[in-house]
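Engineer: Show me the folded form of this:
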Amino acid sequence: MCDGDGKITKKIILEPGRTFGEFSLLPGYTGKDCDIHTVSLETKLADDLVLGIPFLSAAMTSVTGYEMALALGMEGGLGVLPVRMLVSEQVSIVERIKRHEMGFVENPDTAYDTQTIEQVLGKMDKHGHSKIPVVDRNNVFKGMFTRRHYWDVGGHPQAPVTEIMMPFDSDEKLLCHKRSNINIKTARKLLEDSESDYLVVLDGQSRLVKMAFAKDMKPIRVASAINTHRGWRKRVEANIDAGVDLIVIDTSDAYGYFAEDVVVKKYKDMDTGVPICAGNLVTYDGALMLMNAGADIIKVGMSSGSICTTQREKAVGRAPMTALIDVDEARKRYYDNAGRYVPLIADGGISSAGDMIIALTVADAIMMGNYFNKFFEAAGDKLDEDGKVTRLESKMRNVITYGEGSEEARNLERYGHSDMMTFFPEGVSSTVDYAGFMKPSLKADALRIKAAMVNAGCMNLQELREESVIELMSEYSKRIVTETHDIDTKR
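Structural biologist: I've put the predicted structure just below:
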């Protein structure tokens, strides 16, 4: 009904919402020191929370459990444990991850000295390796082949790998240890003192025994989700005691009293020393509210997830890039007034490396569910070709996925339902094609992001946010620049 002034709604926005895939990143000036090896994907979410890669796995029951949180954490990302877990389950996983220590890689993958560069690169791509030891048929260590060294010096794909590898003839190039009974404490010290990326352990006959990697010395980060309902404080306290690195409010719509007053403000009063990420939000006003309340990080997105039906069921939500741009405007205003920078996490609507790149021109990090759901480490059941649950990796063909608002998950509190009497699904359940282990795909997409940053002339993600230029494409131009055309696609 209209009021006296004839107004029907508070505001009508006629500009259509935009998704990540509608934008193109324009090339910028690339300096001589800006290349795929030198650009950094590190992102700072808080003073004591710096990620090596800007990836978070969604707090979804079918996505993040111990295996996913550990695997992603070891690669420098952050797994977010779902709030549907019992408090004791979250705490147990956090404690297990925090107990995980650097270890040796026994019997590491190797390349033979008779193989070609092309064959070795294929094996590295399959397993997500950036380096691989080269041995002979007796497992005698001959040298190390690294992707970076290959890119620096070049070489014909059919040339022997021995022409490009760094040979085992100089302790200055390769950190090797010829006592196979070396303990992890000594290995750690050798890596720290040498500043090498890896340690090769050999026996008395120079045969390869094991390896240790410097990246595994870094602490593994893990986050836990909470909701805005009764019991959140108990969940927070238990996770803090276990050593969690980030608390994430997991609600579909955080623009309200419970997220602002009941959780964020009271959480900040607890003075835990652990940052809190508040979300989800898709508007300027909502973001500004939670920034003013003290949120350390804001999570942006609503109704754009691949299995989310909120828009269909309630006509509520927003296109992901438009939401991110609007929230970024709130961040700029808040920074001007308060002098505090609030990182943003883009959550939902990301289905390709291109989407990741565009999202990172505004967001500090990206959270994904569908992307991680397809991997071996995902929490969802794996199915064989007959649709039966299997634990044999070779037989896995699909992975079960379901949204937190689906009939299977029934995460009532996340969607504001008080009990089953008010519940209706805001998500679906389905399957995704199994895509193997996470590491190779993650490495490949991280490489694509780095390559785009080089095109934009950006050395790090902060420069990408501050200096990059993106352009909205028309439907026709999008087809021309994103799809192959005018060729026979049947070949």
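Engineer: and D109, helix, strand or coil?
Structural biologist: coil (DSSP: H, G, I helix; E, B strand; the rest coil).
Engineer: Which parts of stretch 161-171 count as buried, going by neighbours?
Structural biologist: Using 16 or more other CB atoms under 10 Å as the test for burial, stretch 161-171 gives 161-162, 164-166, 168. C-beta: built from backbone N, CA, C; applies to glycine.
Engineer: Least confident of these?
Structural biologist: Scanning those for pLDDT, the smallest score is found at F168, 86.
Engineer: In TSV, list the buried residues of stretch 161-171 along with secondary structure and distance to S430.
Structural biologist: As requested, those are exported to TSV (DSSP: H, G, I helix; E, B strand; the rest coil; distance: CB to CB, whole Å):
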residue	secondary structure	distance to S430
V161	helix	43
T162	helix	48
I164	coil	45
M165	coil	45
M166	strand	47
F168	coil	50
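Engineer: Out of those residues, the closest to D48 would be?
Structural biologist: Using CB to CB, the shortest approach to D48 within the buried residues of stretch 161-171 belongs to M166, at 36.0 Å.
Engineer: Assign K126 to helix, strand or coil.
Structural biologist: Local secondary structure at K126 is given as helix here, using three-state DSSP.
Engineer: about what we covered before: closest to L290 among the buried residues of stretch 161-171?
Structural biologist: Using CB to CB, the buried residues of stretch 161-171 come closest to L290 at M166, 50.5 Å.
Engineer: quick one, what contacts that closest one?
Structural biologist: 143-146, 149, 173-174 (CB atoms under 8 Å, 6 or more residues apart in numbering).
Engineer: So among these, which ones count as buried?
Structural biologist: Buried by 16+ other CB under 10 Å: 143-146, 174, out of the contacts of M166.
Engineer: Max pairwise distance over the residues you listed: which two?
Structural biologist: F145 and L174 (11.4 Å).
Engineer: thinking again about what came up before, so which of the contacts of M166 belong to helices?
Structural biologist: Judged by DSSP state H, the contacts of M166 include H149 as members of helices.
Engineer: Pipe the contacts of M166 into a markdown table and attach distance to I357 and pLDDT per row.
Structural biologist: A markdown table is the format used below for those (distance: CB to CB, whole Å; pLDDT from 0 to 100):
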| residue | distance to I357 | pLDDT |
| --- | --- | --- |
| G143 | 35 | 93 |
| M144 | 31 | 93 |
| F145 | 29 | 94 |
| T146 | 25 | 92 |
| H149 | 27 | 87 |
| K173 | 34 | 67 |
| L174 | 35 | 80 |
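Engineer: Go through the contacts of M166 and say which is closest to Y267.
Structural biologist: Of all the contacts of M166, Y267 sits closest to T146, with 44.6 Å by CB to CB.
Engineer: Go ahead and flag the most central residue of the chain.
Structural biologist: Among the residues of the chain, the one closest to the centroid is F55, at 1.7 Å (CA atoms, centre = their mean).
Engineer: Quickly list what it is bridged to.
Structural biologist: Note on F55: beta-bridge partners by DSSP bridges are I366.
Engineer: and the nearest residue to M270 once chain neighbours are set aside, what is it in contact with?
Structural biologist: Once flanking residues are discounted, M270 sits nearest to V236: 7.2 Å by CB to CB, 6 or more residues apart in numbering. By CB under 8 Å, 6+ apart, V236 lies in contact with 226, 247, 267, 270, 272.
Engineer: For those, which PyMOL command selects only the ones that are buried?
Structural biologist: Provided next is the PyMOL selection string for whichever of the contacts of V236 are buried by 16+ other CB under 10 Å:
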select buried, resi 226+247+267+272
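Engineer: closest to A111 among the contacts of V236?
Structural biologist: Using CB to CB, I247 comes nearest to A111 of these, at 43.8 Å.
Engineer: I figured the closest one was touching R233, is that so?
Structural biologist: No: assessed by CB atoms under 8 Å, I247 is found out of contact with R233, at 10.9 Å.
Engineer: sorry, back to before: any idea how far the residue nearest to the centre of the chain is from Y476?
Structural biologist: Taking CB to CB, to the nearest Å as the measure, F55 falls 33 Å from Y476.
Engineer: What is the neighbour count of W151?
Structural biologist: Per other CB atoms under 10 Å, the neighbour tally for W151 reads 12.
Engineer: Assumed it was part of a helix.
Structural biologist: Yes: checked against three-state DSSP, W151 lies within a helix.
Engineer: For it, give me its contacts.
Structural biologist: Counted by CB under 8 Å, 6+ apart, W151 has contacts 36-37.
Engineer: Report pLDDT for it.
Structural biologist: The model reports W151 with a pLDDT of 85.
Engineer: Please tell me how far it sits from G457.
Structural biologist: Distance of W151 to G457, given as CB to CB: 19 Å.
Engineer: List the buried residues of stretch 334-342.
Structural biologist: Of all the residues in stretch 334-342, those buried under the rule 16+ other CB under 10 Å are 334, 342.
Engineer: ok so, going back, which members of the contacts of M166 are the farthest-apart pair?
Structural biologist: The most widely separated members of these are F145 and K173, with 12.5 Å between them, by CB to CB.
Engineer: mind listing the strands for the stretch 251-400 of the chain?
Structural biologist: Counting by DSSP state E, counting those that start in this stretch, the stretch 251-400 of the chain has strands at residues 276-281, 297-300, 344-347, 365-368, 382-383, 398-402.
Engineer: export these to JSON lines and tack on mean neighbour count and distance to I36?
Structural biologist: Output for the strands of the stretch 251-400 of the chain, formatted as JSON lines (neighbours: other CB atoms under 10 Å; distance: least, CB to CB, whole Å):
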{"stretch": "strand 276-281", "mean neighbour count": "28", "distance to I36": "30"}
{"stretch": "strand 297-300", "mean neighbour count": "28", "distance to I36": "28"}
{"stretch": "strand 344-347", "mean neighbour count": "28", "distance to I36": "23"}
{"stretch": "strand 365-368", "mean neighbour count": "27", "distance to I36": "20"}
{"stretch": "strand 382-383", "mean neighbour count": "20", "distance to I36": "34"}
{"stretch": "strand 398-402", "mean neighbour count": "22", "distance to I36": "31"}
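Engineer: Quick one, which of those gets closest to A353.
Structural biologist: Among these, the nearest to A353 by CB to CB is strand 365-368 (10.9 Å).
Engineer: where are the low-confidence patches of the stretch 251-400 of the chain?
Structural biologist: The model of the stretch 251-400 of the chain has pLDDT under 70 over residues 305-315.
Engineer: repeat that for 80
Structural biologist: Within the stretch 251-400 of the chain, the stretches with pLDDT under 80 are 262, 303-316.
Engineer: returning to that earlier point: return the subset of the contacts of M166 lying in strands.
Structural biologist: Of the contacts of M166, the ones assigned to strands by DSSP state E are 143-146.
Engineer: out of the buried ones among the contacts of M166, who's nearest L70?
Structural biologist: T146 (25.3 Å).
Engineer: residues near D136, how many?
Structural biologist: As a burial measure, D136 scores 15 neighbours (other CB under 10 Å).
Engineer: Could you double-check that it lies in contact with K142?
Structural biologist: Yes: taking CB under 8 Å as the definition, D136 is a contact partner of K142 at 6.1 Å.
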